[in-house]
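> this one's structure only:
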């Protein structure tokens, strides 16, 4: 039980539709998302890589994997939060994103931090 508490990272997201970068006639809807990653565990942990699953309203899935986030692999001390903003485009007015971060604790333990699903939506499309 104590071991679970040592390796805990919480993730939250805020999204924003970017109309100036989108092109509805070409079915291109661009969104920015700001992610907050908080080390709720008891040991420092470094974000090594990411895995995103992006799904549009027609069920088209894009998977994105890569090292770090926005070009960095931040290390978070216990209680520390790291925030960054990135973006994605989908072919419909509504979609979702979810995924995970692969983390490496200071003691060498590897673990995953799940990214809860969040919605991408053009304003006033969803109620």
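Here it is on my side, so go on. Given the structure is predicted, the values throughout are model-derived calculations rather than measurements.

> Helix, strand, or coil at the residue in the chain sticking out farthest from the centre?
In the chain, the residue that sits farthest from the middle, by C-alpha atoms, centre = their mean, is residue 25; the gap is 27.6 Å. Three-state call for residue 25 (DSSP: H, G, I helix; E, B strand; the rest coil): helix.

> what residues are up against it?
Contact analysis of residue 25 by C-beta atoms under 8 Å, 6 or more residues apart in numbering lists nothing. For every residue, glycine as well, the C-beta is placed using N, CA and C.

> Check the spacing between it and residue 97 real quick.
For residue 25, the distance to residue 97 (C-beta to C-beta, to the nearest Å) stands at 24 Å.

> Ok, residue 111 next?
Noted for residue 111: a distance of 21 Å to residue 97, by C-beta to C-beta.

> ok, those two, which is more surrounded?
Remark: of residue 111 and residue 97, residue 97 carries more neighbours, 23 against 17, as counted by other C-beta atoms under 10 Å.

> tell me which element the more buried one falls in.
If you go by DSSP states H and E, residue 97 is part of strand 94-105.

> Tell me the strands beside that strand, with direction?
In the sheet, strand 94-105 lines up against strand 45-56 (antiparallel), strand 110-121 (antiparallel) (DSSP bridges).
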